[in-house]
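Participant: here's my sequence, what's the structure:
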Amino acid sequence: PSEASYNAVIGALAGAKRWGEVEELLRSGMMRPDIFTYNNILAKCARSADEEGVTFWLERMKEAGLSPDLVAFNTLVDFHT
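Facilitator: Sure thing, here's the model as predicted:
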C-alpha cells in the first residue's frame, strides 16, 4: 500500500477509536509511521477530546524519533483552547 493509503487507514481506525488495530498496524512494519501518521492520530484524539490519547500519542511520536511540527503544535493549541 502507498503511504497515503496507510495513513488513511490509520486515520480511519483512530477516528473509530480502534486503538488496538492502530497499534497492530503500526507494529506490522508495513510502513514506517511518519510525522503525518502521528499528526493524523493526534488530530483524531483532539477532535474526540481524548486528553489521555493526545498525551500518549505525543509521547509515541517522540519515542519514534520525531519532533512535533507546526501541525502538531496547532492541534495541541486547538485542543487546549
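
Participant: what comes up buried for stretch 46-63?
Facilitator: Neighbour-count burial for stretch 46-63 flags 46, 50, 53, 54, 57, 58, 60, 61 (criterion: 16 or more other C-beta atoms under 10 Å). Where you see a C-beta, it was placed from the backbone N, CA and C, and this is true even at glycine.

Participant: actually stretch 67-79, not the one I wrote
Facilitator: 68, 72, 75, 76, 79.

Participant: equivalent analysis for stretch 22-30, please.
Facilitator: If you call a residue buried by 16+ other C-beta under 10 Å, then stretch 22-30 has these buried ones: 22, 25, 26.

Participant: now the second one, nearest residue through space, not along the chain?
Facilitator: The reference is to residue 25. residue 10 (6.2 Å; C-beta to C-beta, 6 or more residues apart in numbering).

Participant: got a list of contacts for stretch 21-34?
Facilitator: 1, 3, 6, 9, 10, 13, 14, 37, 41, 64, 66 (C-beta atoms under 8 Å, 6 or more residues apart in numbering).

Participant: starting at the chain centroid, how far to the helix or strand containing residue 24?
Facilitator: Applying DSSP states H and E as the criterion places residue 24 in helix 19-27. In terms of C-alpha atoms, centre = their mean, to the nearest Å, the centre of helix 19-27 is found 11 Å from the chain centre.

Participant: now that helix - C-alpha only, PDB.
Facilitator: Written as PDB, here are the backbone C-alpha positions of helix 19-27 (Å, rounded to 0.1, in the frame of the first residue of the first chain):
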ATOM      1  CA  TRP A  19      -6.600   1.700  19.200                       C
ATOM      2  CA  GLY A  20      -5.600  -2.000  19.200                       C
ATOM      3  CA  GLU A  21      -5.800  -2.100  15.500                       C
ATOM      4  CA  VAL A  22      -3.900   1.200  15.200                       C
ATOM      5  CA  GLU A  23      -1.100  -0.300  17.300                       C
ATOM      6  CA  GLU A  24      -1.200  -3.600  15.400                       C
ATOM      7  CA  LEU A  25      -0.800  -1.700  12.000                       C
ATOM      8  CA  LEU A  26       2.000   0.500  13.400                       C
ATOM      9  CA  ARG A  27       3.800  -2.600  14.600                       C
END
